[in-house]
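[1] Test case, fold it:
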Amino acid sequence: MAGANGDNFFYSHDGGWTWSHGKLTSTYGVWGDPCIVADTSGNFYYSHLSNTGGETGWLDRIVIQKSADGGVTWSDGSFTGLNEDKDQDKPWMAYDPAPSSPYKGNLYVAWTEFDRYGDPAPENRSRILCSVSNDGAETWNEPVVVSQYTGDCIDDDHTAQGAVPATGPNGEVYTAWSLNDTIWFDRSLDGGQTWLAQDIPISNQVGGWKFTVPGLFRCNGFPVTACDRNTGTIYVNWSDKRNGFDDTDIWLSKSTDGGNTWSSPVRVNNDPPGKHNFLSWMAVDQVTGHLYFVFYDRRDYDDLRTGVYLAYSTDGGESFANLRIHEEPFTPQPDRFFGDYTNIVAHDGHVHPIWERQVNGDASIWTGVSAFPLGLDDNGFFALQTKLESFPNPFSSNATIRFNLANAQELNLTIHDIVGRFTGAVFSKKYFQPGAHEVLVDNSLLRLPAGIYFLKLSNGQAAETCKIIVR
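    Below you'll find the predicted structure:
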């Protein structure tokens, strides 16, 4: 599932290879700031801003719509946060799946409430709120105030913004946000009903959460909170300019004591100083404990061209590898809005980042598909560094598989269906010397029916895959 600004949504039923598109409608209106999460029963929940019309109907509540059929159709929606003439902004959700949690099945949404959005009057304040549903988004409790300190309503560094909730192994709820050049943290131990009286500072955020990146209409460094529900470690990821105005970097801090104390920030992007890396998102793989990050990156260019990188850590955020995942860079339009969020999800090595591109003023949403678990060696790097290709593709009778090896090794080449089930082997435990190789796939022997498949080249430690289509 993917959401886009406005009233667009996209869904895929083949692992992200192909996508269908629809328009979201609701009695309460559909505006922006989309967030989509899933529960363990396969339901999807889409939160967004409202637009019911009229002067008081814009941003007057947070709307949550539900899909029980894989994103094809959606409920009219429920809402939370309706509060006289106050404005509600930047919602994000979390679902509690933990078997040991007394609040298993709860949905949480956190956001910013403005007394009056954009009004500089000192009496107008902003704050972080949280609301809870324990019945699959049918109803929501009265929102509670999370943040101890209030900000202004200008929607700038001195405004409380960027709350992303996360759940822990025993029903804990965590969130962090930005205010006054600081990343703040709070927690609830009773299902979101009460929060700490004293917010905990994680780190300073040099330059604040709203900063300039050349060529962008606007940019932010909102924090993202995630929790490893096996170890209880809490991670918070953000971006800031502590290395200088012309250097935006991605950072990570972690806590192993429930958020009471935090590690010093560690730099996630590993390029030399002097480039811009921005608008990051983070996910924890709850099976492996690995951390994954997606962010925009200009390390490869000396102009406004922008790429997309994925970073990952296999040692709890102590060190990071960085991979370029975009095929071609793009140049954002400085007069066009560029979305506040990317996103990434990970499970058992299957990693799916999502991001926006702008080409000639046209915006589009993109994703990368990891069809099989990412194989890593003992140092956390890909052990099989090659590109697996099939020609022609699609094919009906024969295809040539090409790959290039840096080192001699024993390999397997297997075929799997769209959901990852083994359907056949081209070769097993075959030894290859370094260099370029071509292998014939003869479908008269394999007898694959027409459809989509994945080729998997593996060496026991790592795997590279490519999609093939038999017609």
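
[2] From here on, just use CA atoms for contacts and neighbour counts.
    Noted.

[3] quick one, strands of the stretch 301-450 of the chain?
    Counting by DSSP state E, counting those that start in this stretch, the stretch 301-450 of the chain has these strands, from start to end: 307-313, 321-324, 343-347, 350-359, 362-367, 389-391, 398-405, 409-416, 422-432, 435-442.

[4] what's around residue 444, how many residues?
    Residues near residue 444, counting by other CA atoms under 10 Å, number 10.

[5] if I look at it, how far off is residue 207?
    Residue 444 is 63 Å from residue 207, where distance means CA to CA, to the nearest Å.

[6] re earlier: same list (the strands of the stretch 301-450 of the chain) but as CSV, adding mean neighbour count.
    Converted to CSV, the strands of the stretch 301-450 of the chain look like this (neighbours: other CA atoms under 10 Å):
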stretch, mean neighbour count
strand 307-313, 23
strand 321-324, 15
strand 343-347, 20
strand 350-359, 19
strand 362-367, 13
strand 389-391, 18
strand 398-405, 17
strand 409-416, 18
strand 422-432, 14
strand 435-442, 14
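
[7] Next, the contact list for residue 389, please.
    Residues in contact with residue 389 (CA atoms under 8 Å, 6 or more residues apart in numbering) are 401, 402, 403, 466.

[8] Closest to residue 107 out of those?
    Compare each of those with residue 107 using CA to CA and the shortest gap goes to residue 466, at 36.3 Å.

[9] Correct me if wrong: the closest one contacts residue 393.
    No - look at residue 466 against residue 393 with CA atoms under 8 Å: they stay out of range, at 10.4 Å.

[10] between the two, who's got more neighbours?
    More crowded of residue 466 and residue 393, by other CA under 10 Å: residue 466, with 18 against 15.

[11] beta partners for residue 94?
    Legend: beta-bridge partners of residue 94 under DSSP bridges are residue 108.

[12] so it touches residue 37, yeah?
    Yes - if you go by CA under 8 Å, residue 94 and residue 37 touch, sitting 6.9 Å apart.

[13] In terms of neighbours, single out the busier of these two.
    Each of residue 94 and residue 37 had its neighbours counted (other CA under 10 Å), and the higher figure belongs to residue 94 (24 against 18).

[14] among the strands of the stretch 301-450 of the chain, which is nearest residue 133?
    Between residue 133 and the strands of the stretch 301-450 of the chain, the tightest spacing by CA to CA is seen for strand 343-347, at 22.6 Å.

[15] Paired strands for that closest one, with orientation please.
    Its sheet considered, strand 343-347 pairs with strand 350-359 (antiparallel) by DSSP bridges.

[16] Measure how far the strand it pairs with is from the centre of its chain, please.
    Once both centres are worked out by CA atoms, centre = their mean, to the nearest Å, strand 350-359 turns out to sit 9 Å from its chain's centre.

[17] Please apply the same query to stretch 116-131.
    Here the centre of stretch 116-131 is set off from its chain's centre by 27 Å, with CA atoms, centre = their mean.

[18] Now do that stretch: distance from first to last residue.
    Its first and final residues considered, stretch 116-131 spans 20 Å by CA to CA.

[19] shaky segments in the stretch 1-150 of the chain?
    Scanning the stretch 1-150 of the chain for pLDDT under 70 picks out the ranges 1-6, 54-56.

[20] Show me the strands in it, by range?
    Taking DSSP E, counting those that start in this stretch as the criterion, the stretch 1-150 of the chain carries its strands at 2-3, 8-11, 20-23, 35-38, 44-51, 58-67, 78-80, 87-95, 107-114, 126-133, 144-145.

[21] Which of those sits closest to residue 332?
    Each of those was scored for nearness to residue 332 using CA to CA, and the closest is strand 2-3 (19.9 Å).

[22] on that earlier part again, nearest to residue 112, out of the strands of the stretch 301-450 of the chain?
    Residue 112 lies closest to strand 343-347 among the strands of the stretch 301-450 of the chain, at 19.5 Å (CA to CA).
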